[in-house]
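Visitor: sequence below, structure please.
(4 chains)
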Protein chains: 4
Amino acid sequence: MSDRTVGVGMIGYAFMGRVHSQAWRSVAAFFDVPVIPRMRVISGRSREATKAAAEQMGWEEAVTDWREVIGRPDVDIVDICTPGDTHAEIAIAALRAGKHVICEKPLANTVAEAEAMVQAAASATGRSMVAFNYRRVPAVALARDLVAQGRLGEIRHVRAQYLQDWIVDPEFPLVWRLQKDKAGSGALGDIGAHIIDAAEFISGQLITGVSALTETFIKERPLSEGSSGLAAAGGSGRGTVTVDDAALFTARLSGGAVGSFEATRFATGRKNAMRIELNGSLGSLAFDFESMNELWFSEGGKGFERILVTEPDHPYVGAWWPPGHGLGYEHTFTHEIRDFLEAIGQGTDPTPSFADGLRVQRVLAAVEQSAADGSRFTTVEDT
Amino acid sequence: MSDRTVGVGMIGYAFMGRVHSQAWRSVAAFFDVPVIPRMRVISGRSREATKAAAEQMGWEEAVTDWREVIGRPDVDIVDICTPGDTHAEIAIAALRAGKHVICEKPLANTVAEAEAMVQAAASATGRSMVAFNYRRVPAVALARDLVAQGRLGEIRHVRAQYLQDWIVDPEFPLVWRLQKDKAGSGALGDIGAHIIDAAEFISGQLITGVSALTETFIKERPLSEGSSGLAAAGGSGRGTVTVDDAALFTARLSGGAVGSFEATRFATGRKNAMRIELNGSLGSLAFDFESMNELWFSEGGKGFERILVTEPDHPYVGAWWPPGHGLGYEHTFTHEIRDFLEAIGQGTDPTPSFADGLRVQRVLAAVEQSAADGSRFTTVEDT
Amino acid sequence: MSDRTVGVGMIGYAFMGRVHSQAWRSVAAFFDVPVIPRMRVISGRSREATKAAAEQMGWEEAVTDWREVIGRPDVDIVDICTPGDTHAEIAIAALRAGKHVICEKPLANTVAEAEAMVQAAASATGRSMVAFNYRRVPAVALARDLVAQGRLGEIRHVRAQYLQDWIVDPEFPLVWRLQKDKAGSGALGDIGAHIIDAAEFISGQLITGVSALTETFIKERPLSEGSSGLAAAGGSGRGTVTVDDAALFTARLSGGAVGSFEATRFATGRKNAMRIELNGSLGSLAFDFESMNELWFSEGGKGFERILVTEPDHPYVGAWWPPGHGLGYEHTFTHEIRDFLEAIGQGTDPTPSFADGLRVQRVLAAVEQSAADGSRFTTVEDT
Amino acid sequence: MSDRTVGVGMIGYAFMGRVHSQAWRSVAAFFDVPVIPRMRVISGRSREATKAAAEQMGWEEAVTDWREVIGRPDVDIVDICTPGDTHAEIAIAALRAGKHVICEKPLANTVAEAEAMVQAAASATGRSMVAFNYRRVPAVALARDLVAQGRLGEIRHVRAQYLQDWIVDPEFPLVWRLQKDKAGSGALGDIGAHIIDAAEFISGQLITGVSALTETFIKERPLSEGSSGLAAAGGSGRGTVTVDDAALFTARLSGGAVGSFEATRFATGRKNAMRIELNGSLGSLAFDFESMNELWFSEGGKGFERILVTEPDHPYVGAWWPPGHGLGYEHTFTHEIRDFLEAIGQGTDPTPSFADGLRVQRVLAAVEQSAADGSRFTTVEDT
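Guide: Numbering: from 1, shown residues only, chains lettered A, B, ... in the order given. Predicted coordinates:
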């Protein structure tokens, strides 16, 4: 084992844990990273399930207390894959213990928690990163490059949608993602956060204010094992949905652009349509994650070109396969971890930083405030 | 000449006049209409140009005073193709003269004018119709049918955009469409009106309130022959753009849906992308006028089907060509006039009526008021 | 009526007659043609039906003998819209009578007839043209321009398909188009002829030899009113299909390209997919008539650009509507007739000429010969 | 380490070696395979490069003689990723040594070699498989399922193309893939083999005869380090291309379908467009690997539905991510190895077998023979 090895401990092992594991396992086989991750330990609440997950996903050990992960001297990096209400506590503890921290998005469930995390990161010796993985879709990274090179000119419009349909059925149960105490918000924080980050990342402009409207189409749903606070529901078979099903907002951005945003879990037939279009004075870009290897680009008065983002000189692509041989969802995480390891190795700060995560949190807060306040235009704090 | 002949007089002969003429000329060759139009007379301000237009477009006579058209006993139908600030006066006069009236959209430049027109229509013997031609795109009519049949279930989302790019160049001159006194508004009234009407038409729901934001990206432009009020500009070579370049709004609809709307002339690379997507509890629909012979439809948890709307049992299509042989922009007008003649022949009221046109006007007014009032949610009058 | 008027007589009034009529009616309203067509007379076998057709489609008179059309001094142009087995006789008579002739494709049912027509054209005073209307799709004309400008470099591949599905049902009756004596061939001559012409037109190369395979999937079909030679069927309810359902061939072209061609009426779900793709040393083009306002173009190692062929500087488009407002099937005929009138007015020979029609006929003959001869590579006569 | 462990030895470590390694590394983390692969050893000619590859790709050891891999008792599975001219010798030796063998396609460079391999497989105790990975694209596997369920009815048309453009530049050097002694054939065997296998796999019909045409557009290319037999070139800087650049053929299939096939490396702008369309009496399917997560399906007279093949009940997909989160190229290999391990664990024969590989070889041989024989229709041996 090389002395460039760094130990990794992961907290949580569900959906996000599985995809992060694949990234940790694959990154060094494709990228020439300065430090080589070793998958030391994962933690989860159930001893048996965690042990099984560790074995399947290739982690050396399994524990049931996340504090144990943070306390281990052979763990250099802590990877937080738990629900948002636990992020602040874990991340702050890990940073104080001198670890590098990569934390799933949204950074936290409240602005206050996110601020505390940013403070902890500022005074820590470890590096920290929030995992907005869509920045690492090669087509999205290429989009940002084209904007940064001035190929679109002055950006006037940002048009972003994140459309899913997994809770259209009114009999879909009241899982924790539909309960505010656990999830913070609904479509807004879960998927709206991604398009807010992507819009700012690609456009290079910050969202300065928003006018918003949110809606919960199905007010009550069947309780299930995944519901929290069953007692509060008083024994009835149904509980109240306390988060948004859909969030829509218009926005102004720091560079003069106007924006239109929509996040919903009720777009029947749309599975993971994370879409963004930018219109500038010289050109336009359009992207849809359902066709993640394509970027549509128009400039010079011409039609939209379908760029198949599989060329060796496209971001991240050179490490993989020949032209026309596409990548999938999990590669965005491999790219993210590659960039994280690169920053650790070079002693620089990775992006998106916790401060970037806080920004998204502030936009989310402004959206909720505007929606509560008759859609009144609401300034995003600190921009 | 059949005794089923009706005389037509048209006011205005520019872009809209040309396409209306093609519709008048073609309608009876393809549809078995109860009355047969005869293209009697057009009016325009320049004698010579009007005469040339009449000859080219197949009108029997040309005059320079629209009142002359209305006064003629051999004119049964008056077709108003002039800018919006003249609609009310002409339409009211024509209705009072006992004529049938078809009037280009938007119905008027103000709610007050539109109200006067609705009143005139109510007490008239002639039939009246406002020309929202996009209702007559076969794919749009099919979309409405699918919604009306309940195939989408309960509609939750309406997502409509009208994207053009013809004034992206800051040196594009200050034509009358960019001046409020003449045009009423900018992208909002010109193209936003179409998606408002289409959204209500297809969804079967009315827009009850809006939260809006408008923007004028280029504040001054070169004066040109097409600019009005040159004197006011005080001799300088540039004048102020007094209308919106883009208008964005979110909305609530009468059946519980939420809507996201955007009209802009700054979407570089988008030429006439009049797009609408609806998501319901059972299915979804998507349309883009740039591919006007296609409708995308998803139901039953399946992917989106590309319906090529060229089958004989699709709306209006049976009159034309075999499957797969598409129609173009002008056909929407032929269909519109066919429906108008049908209503005249059967003694019924055609749709969209002047009252429908007034509704759109009220939504436009609410959008402008909300935009002026910090995007505050603003109720649409009378819904 | 201007002295630039030319009288038109049309033979046949079915599908092709209807679309030609719309073209004659519309051409002068949109194009500044040197001579103005006047729709004098149509002929058909049934007096009543022909009279009704004339009235609906706007022809002044109806007759039942095509010779009467040719004999009239007020007819300058003869437009032949009948089945292929009658083309030679009518066209040759019309040319001998000093008329200009536009003839539907295929030029004839046999090479011998086509050769006779070319001879007649060569010694005639009138102009002649064969109506391969797909050349007049703006996207197809633009494709040819791009090739002619060298934008694709040396052409290596031509890949053309014409896919329909209207006889997939084995109970579809034995109409004349499925009988060799009337139709000459099946999918091959009906739609294969179009892609042969388009391939040569766009690529600028001639097909020098072919290797072919044809198939008739459904050998017998129900007899119907549209079947010819009922007696031969001996009273049974079914008759033999005597033409191909599908024809496939590979080819070599005069400039070194290789080609792949397929025409079928058994491509379930494809309605009128007339598709062509060209690959050259510098770039590629792709077209599908089901999206007739689009041309896909790749050059310089870039992805395929979706050119919306609706710009004023695109072929034929300037006469019509603003960018993004598409055209339909019938416009290809209006463009064809515009070019025909232009040639008549300027005293030049229109294209495609009867000689071009003969070339297609020779390719069709080579295809049939190769298919009959174990797919052996067969040289196209006279290339 | 579980006693279900099987040792794997891989011969060759270039492009195919990298993607196979990723599959071996990932398979057990996502699929519940009956035996767990352990990545024991790889072999390559250069000691240093092989050692570096082993380290990067996660193999325990590196050797320089493939016989050493086959001789090891801790190797149960031999994975052959070398060029086609070495397959027979290695595979036969491995089978005789009692190993399970998975061999890259094409199975061999000649029919005779392939026959010997099939014989060796028949008398071996180990299992054998040829790696036509495109069968394991979820969309391709779903296509086969739909056909097998009868959803397309009787298949009439198979239309398959494999389009690439990586040697369009005439200055691209004479690499071994362009030399017959090493590569066997050009586009035909390299990518044509894939569409032959996919066509038979999806349609359930065998290709019984072909009529073919091949072409080498660029006859000479610059020599390079990758060229073999430099001496033969006599010191000049250029050598002769001895394989096809493109191969086109029509075909007849055992169930009555006709086929159109094309493989080329000269389709400028097409990167890895492995496309197949099937038309049946009841429905049609279309696929393009450049959009590998989509399958287009039409049935019941409806338009083509875009099936996003990312649902848990789609083939292989349940092991991965939620709907709408696509897979990439490498996953096809993980699926292939999963099926191979499944067969080993269950004691059954995996598919595609060496016999399936031989079939493809025989079709390739018939194509070459027909091309050499004036495109004469040539029966595929043994069908």
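
Visitor: C-alpha only now, for contacts and for neighbours.
Guide: OK.

Visitor: wait, A:Thr334 touches A:Val27, no?
Guide: Yes. The criterion here is Cα atoms under 8 Å, and A:Thr334 meets it with A:Val27 at 5.6 Å.

Visitor: comparing the two, which residue is more hemmed in?
Guide: Neighbour tally, A:Thr334 and A:Val27, criterion other Cα atoms under 10 Å in any protein chain shown: the higher count belongs to A:Thr334, 26 against 22.

Visitor: report the contact partners of the more buried one.
Guide: A:Thr334 makes contact with A:20, A:22-24, A:26-27, according to Cα atoms under 8 Å, 6 or more residues apart in numbering or on different chains.

Visitor: in strands, which of these fall?
Guide: Among the contacts of A:Thr334, no member falls in strands (criterion: DSSP state E).

Visitor: out of the residues you listed, who's near chain D?
Guide: Subset of the contacts of A:Thr334 in contact with chain D: A:22, A:26, counting by Cα under 8 Å from any Cα of the partner chain.

Visitor: make CSV from the contacts of A:Thr334 and add distance to D:Gly318 and pLDDT to it.
Guide: What follows is the contacts of A:Thr334, written out as CSV (distance: Cα to Cα, whole Å; pLDDT from 0 to 100):
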residue, distance to D:Gly318, pLDDT
A:His20, 18, 98
A:Gln22, 16, 97
A:Ala23, 19, 98
A:Trp24, 21, 98
A:Ser26, 21, 97
A:Val27, 23, 98
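
Visitor: closest one of the contacts of A:Thr334 to A:Thr379?
Guide: The closest of those to A:Thr379 turns out to be A:His20 (Cα to Cα; 35.1 Å).

Visitor: turn the contacts of A:Thr334 into TSV, columns for distance to chain B.
Guide: Formatted as TSV, those follow (distance: Cα to the nearest Cα, whole Å):
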residue	distance to chain B
A:His20	29
A:Gln22	29
A:Ala23	30
A:Trp24	33
A:Ser26	32
A:Val27	34
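
Visitor: among the contacts of A:Thr334, name the buried ones.
Guide: Burial by neighbour count, 16 or more other Cα atoms under 10 Å in any protein chain shown: within the contacts of A:Thr334 this picks out A:20, A:22-24, A:26-27.

Visitor: next, give phi and psi for A:Ile207.
Guide: Backbone torsions of A:Ile207, given as degrees, to the nearest 10, read phi -80, psi 120.

Visitor: now A:Ala91
Guide: phi -60, psi -40.

Visitor: next one: the one 4 residues further on
Guide: With angles defined as degrees, to the nearest 10, A:Leu95 sits at phi -60, psi -40.

Visitor: ok, it - contacts?
Guide: Here A:Leu95 is in contact with A:101, A:120-121, A:124-126 (Cα under 8 Å, 6+ apart).

Visitor: A:Leu253 is in contact with A:Thr208, isn't it?
Guide: Yes. Between A:Leu253 and A:Thr208 there is a contact at 5.3 Å, judged by Cα under 8 Å.

Visitor: who has more neighbours, those two?
Guide: Legend: neighbour count by other Cα under 10 Å for A:Leu253 and A:Thr208, higher for A:Leu253 (23 against 19).

Visitor: distance of the more buried one relative to B:Ala131?
Guide: According to Cα to Cα, to the nearest Å, A:Leu253 stands 37 Å off from B:Ala131.

Visitor: cool, and A:Arg156?
Guide: Distance, A:Arg156 to B:Ala131, by Cα to Cα: 31 Å.

Visitor: got it, and A:Val140?
Guide: Counting by Cα to Cα, the gap from A:Val140 to B:Ala131 is 42 Å.

Visitor: please, which helix or strand holds A:Gly259?
Guide: Using DSSP states H and E, the element containing A:Gly259 is strand A:258-264.

Visitor: buried stuff in the helix or strand of chain A with the lowest mean pLDDT?
Guide: One helix or strand of chain A scores below all others by mean pLDDT, DSSP states H and E: helix A:180-183, with a mean of 89. Within helix A:180-183, the residues that count as buried by 16+ other Cα under 10 Å are A:182-183.

Visitor: is A:Cys214 in a helix, a strand, or coil?
Guide: Check again: residue A:214 is Thr, not Cys. Here A:Thr214 is recorded as strand under DSSP: H, G, I helix; E, B strand; the rest coil.

Visitor: do the same with A:Glu89
Guide: Recorded secondary structure, A:Glu89: helix (three-state DSSP).

Visitor: separation between it and A:Trp66?
Guide: For A:Glu89, the distance to A:Trp66 - Cα to Cα - is 11 Å.

Visitor: now A:Thr208
Guide: With distances defined as Cα to Cα, the gap from A:Thr208 to A:Trp66 amounts to 37 Å.

Visitor: for A:Arg136, same thing?
Guide: With Cα to Cα as the criterion, A:Arg136 and A:Trp66 are 28 Å apart.

Visitor: could you do A:Gly204 as well?
Guide: Counting by Cα to Cα, the gap from A:Gly204 to A:Trp66 is 36 Å.

Visitor: ok, the two, which is more surrounded?
Guide: Ranked by neighbour count (other Cα under 10 Å), A:Gly204 and A:Trp66 place A:Trp66 first, with 21 against 16.

Visitor: contacts only, for the spatially closest residue to the more buried one that is not a sequence neighbour.
Guide: Leaving aside its sequence neighbours, A:Trp66 sits nearest to A:Ser43 (Cα to Cα, 6 or more residues apart in numbering or on different chains; 5.6 Å). Residues in contact with A:Ser43 (Cα under 8 Å, 6+ apart) are A:9-13, A:50, A:62-66, A:69.

Visitor: buried ones among the residues you listed?
Guide: The neighbour-count test (16+ other Cα under 10 Å) marks A:9-13, A:50, A:62-64, A:66, A:69 as buried among the contacts of A:Ser43.
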